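*Asks:* Got a sequence here, can you model it:
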Amino acid sequence: MSEANNSHNQQFGSFKEFYPFYLAEHGNVVSRRLHFIGTALVLTLLTYIITFGLWTLLLAVPVVGYGFAWIGHFFFEKNKPATFKFPLYSLLGDFVMFFDILRGKVSILK
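*Replies:* Predicted structure coming up:
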């Protein structure tokens, strides 16, 4: 079993400790692309909801965000999303990776 998979059984003392595990769980470029698209759509949807006050659309936010991410995990990474064991760190990881992609620190090209 890989070190990343063993990490599902451990606890992380901080997000800084968790993020390398998070990145290891997102090694497949297609999965990273799907996460990026899902996070971009979530940010767009949240902006739309706030701008127009359409609060009932908040129900769609987790479907959009997790839908893209879980497709990436189940079909491309073939692993269990960290969301199930580390929900807050995983959510934060989605946004940090999104902005790391925009900054060129994480690639979705290869």
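
*Asks:* Find the centremost residue of this structure, please.
*Replies:* In the chain, the centroid-proximal residue (CA atoms, centre = their mean) is residue 94; its distance is 3.2 Å.

*Asks:* Quick check: buried residues in the strand or helix carrying it?
*Replies:* Following DSSP states H and E, one finds residue 94 within helix 87-102. Residues of helix 87-102 classed as buried by neighbour count (16 or more other CB atoms under 10 Å): 89, 90, 91, 93, 94, 96, 97, 98, 100, 101. All C-beta spots, glycine's among them, are computed from the backbone N, C-alpha and C.

*Asks:* orientation of the helix or strand where residue 67 lies relative to helix 87-102 in degrees?
*Replies:* For residue 67, the element it lies in under DSSP H and E is helix 60-71. For helix 60-71 against helix 87-102, the angle between stretch directions is 80 degrees (axes from the mean of the first three to the mean of the last three CA atoms, to 10 degrees).

*Asks:* shouldn't residue 29 be in contact with residue 107?
*Replies:* Yes - contact criterion CB atoms under 8 Å: residue 29 and residue 107 qualify, at 7.3 Å.

*Asks:* Mind checking which of the two has more residues around it?
*Replies:* residue 29 (14 against 10; other CB atoms under 10 Å).

*Asks:* Next, count neighbours for residue 86.
*Replies:* Neighbours of residue 86 under the rule other CB under 10 Å: 20.

*Asks:* ugh, typo on my part, it should be residue 83
*Replies:* For residue 83, the neighbour count with other CB under 10 Å is 18.

*Asks:* where does it land in three-state SS?
*Replies:* Assigned by DSSP: H, G, I helix; E, B strand; the rest coil, the conformation of residue 83 is helix.

*Asks:* Thank you kindly, that will do.
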